[in-house]
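1. compute the structure for the input listed below.
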Amino acid sequence: MYKEKVALKSWDLLFFGLMVGLVCVFLYRIDVGLNYNWAWHKIPQFLFRYDPETDAWVSNIIMWGLYNTLRLSIWGIILASLFGTLMGMARCSKILFFRLVSGTYVESMRNLPPLVIIYIVYFFIGDQVMPGMGLDTFLEQRSETVQSLVTFGFAKPQYITAFLSALLTLAIFEGAYITEIVRSGIQSIDRGQWEASYALGLSWWKQMRYIILPQAYQRILPPLAGQFISLIKDSSIVSVISIQELTFQGTELMTGTLLTMEIWITITLLYLALTLPCSLLVERLEKFMARSLR
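-> Numbers count the residues shown, from 1 in each chain. As a prediction, this is how the structure comes out:
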């Protein structure tokens with residue numbers, strides 16, 4: 001997509017200066033008028049700490065939460081994209097059964113609050129189904145190398161059931177919204193593309209794979225990026241089942257230290273550090289796909 005370059009004008013500079021001035025006044029009023037003793041010097045120790053045993057700096061409570069949020073977000077985006085793509089294709093299928101299943105899935109997930117879904121998944125699947133599978137016991141009996149890999153990619157073996165429950169909740173909830181995004185992208189493709197690919201002898205699956213989906217994804221990348229960012233933010237709800245992600249660690253730390261403002265401002269900045277690169281990455285991917293299609 002071609003974007004016209006916009007030159008800065010005097011009004012833009014004036015407006016920018018006005019905004020900077022308002023921010024400075026706001027910060028000044030907080031520092032002077034708010035009866036709060038700031039203690040920013042205590043925050044770095046909760047990010048990293050010095051370990052005398054290893055003679056090195058290691059991650060601490062807040063960073064542990066950031067890593068867990070990152071794990072949930074990466075795997076959640078992958079699984080939600082998979083669910084959304086499959087269900088989006090099913091929504092556009094000529095087979096009535098596939099349309100009914102995908103439609104029921106979408107309407108169910110979109111009309112239920114995520115907190116209800118996470119409780120259902122955790123107390124049914126996580127508390128009844130997964131313990132019967134013995135996954136946590138199986139992993140705890142593996143070698144230290146296997147346990148280290150599982151801990152690095154997912155969670156510690158004793159917490160794997162709760163982690164997978166939270167991951168599944170995020171995937172199926174966000175996947176419902178991605179389903180509608182994918183469906184709209186598929187239906188936006190001109191009918192001539194379908195007819196031309198059919199005339200070439202391509203099957204429905206090959207039409208989707210080689211012709212329709214590449215064009216559809218190029219069109220839906222902006223709303224898809226917004227949904228990925230929403231998934232990162234929605235990962236905070238899994239704190240209700242004691243997943244030690246960023247919000248959970250911030251709450252625990254605030255309760256113990258009473259550094260309310262410092263901790264939540266730090267948590268806010270860390271969430272921005274996760275979401276902003278996602279926006280920039282999708283924007284670059286959108287430009288790359290536009291060039292490749294041309």
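
2. make sure residue 49 is indeed in a strand.
-> Yes: counting by DSSP: H, G, I helix; E, B strand; the rest coil, residue 49 is found in a strand.

3. burial of the nearest residue to it once chain neighbours are set aside, as a residue count?
-> In space, and not counting its chain neighbours, residue 49 is closest to residue 60: 4.6 Å by CB to CB, 6 or more residues apart in numbering. All C-beta spots, glycine's among them, are computed from the backbone N, C-alpha and C. By other CB atoms under 10 Å, the residues close to residue 60 number 18.

4. if I look at residue 60, how far off is residue 199?
-> Residue 60 sits 62 Å away from residue 199, going by CB to CB, to the nearest Å.

5. for residue 214, same thing?
-> Distance from residue 214 to residue 199, by CB to CB: 19 Å.

6. show me what the host helix or strand of residue 268 is packed up against.
-> If you go by DSSP states H and E, residue 268 is part of helix 260-293. If contacts are counted by 3 or more CB pairs under 8 Å, 6 or more residues apart in numbering; DSSP states H and E, helix 260-293 sits against helix 61-91, helix 213-234, helix 246-257.

7. looking at the last one now, give me its mean pLDDT.
-> Summarised as a single mean, pLDDT over helix 246-257 is 91.

8. that one to helix 213-234, inter-axis angle?
-> 10 degrees (axes from the mean of the first three to the mean of the last three CA atoms, to 10 degrees).

9. shaky segments in this protein?
-> 1-8, 31, 33-34, 289-294 (pLDDT under 70).

10. how about a cut-off of 80?
-> The model of the chain has pLDDT under 80 over residues 1-12, 26-36, 125-137, 242, 279, 282-294.

11. how about it, which residue sits the furthest from its center?
-> Distance from the C-alpha centroid of the chain peaks at residue 199, with 39.8 Å (CA atoms, centre = their mean).

12. separation between that one and residue 193?
-> Counting by CB to CB - residue 199 and residue 193 are separated by 11 Å.

13. cool, and residue 71?
-> 38 Å.

14. higher neighbour count, those two?
-> Remark: of residue 71 and residue 193, residue 71 carries more neighbours, 19 against 14, as counted by other CB under 10 Å.

15. just say helix, strand or coil for residue 35.
-> Three-state call for residue 35 (three-state DSSP): coil.

16. that one: how many residues sit nearby?
-> 4.

17. spatially nearest residue to residue 65 (excluding sequence neighbours)?
-> residue 249 is the one closest to residue 65 (CB to CB, 6+ apart), at 3.2 Å.

18. in stretch 123-142, which residues are buried?
-> Buried residues in stretch 123-142, counting neighbours by 16 or more other CB atoms under 10 Å, are found at 126, 130, 136, 139.

19. max pairwise distance over these: which two?
-> With distances taken as CB to CB, the most widely separated pair in the buried residues of stretch 123-142 is 126 and 139, at 15.1 Å.

20. now do the strands in the stretch 51-200 of the chain.
-> Taking DSSP state E, counting those that start in this stretch to define them, one finds strands in the stretch 51-200 of the chain at 56-59.

21. in it, which spans are helices?
-> Along the stretch 51-200 of the chain, counting by DSSP state H, counting those that start in this stretch, helices occupy 61-91, 96-110, 114-120, 130-133, 135-140, 144-153, 160-187, 191-199.

22. tilt between the first one and helix 213-234?
-> By that I understand helix 61-91. Counting by the same axes, to 10 degrees, helix 61-91 points 140 degrees away from the direction of helix 213-234.

23. got a list of what residue 264 touches?
-> Going by CB atoms under 8 Å, 6 or more residues apart in numbering, residue 264 touches 250, 254.

24. now residue 261: closest residue in space that isn't a chain neighbour?
-> Using CB to CB, 6+ apart and skipping the chain neighbours, the partner closest in space to residue 261 is residue 36 (6.4 Å).

25. ignore what I typed, I meant residue 231.
-> Counting by CB to CB, 6+ apart, the residue nearest residue 231 is residue 174, at 4.6 Å.

26. among the helices and strands packed on helix 260-293, which is nearest residue 166?
-> Checking the helices and strands packed on helix 260-293 against residue 166 by CB to CB gives helix 61-91 as the closest, at 6.4 Å.
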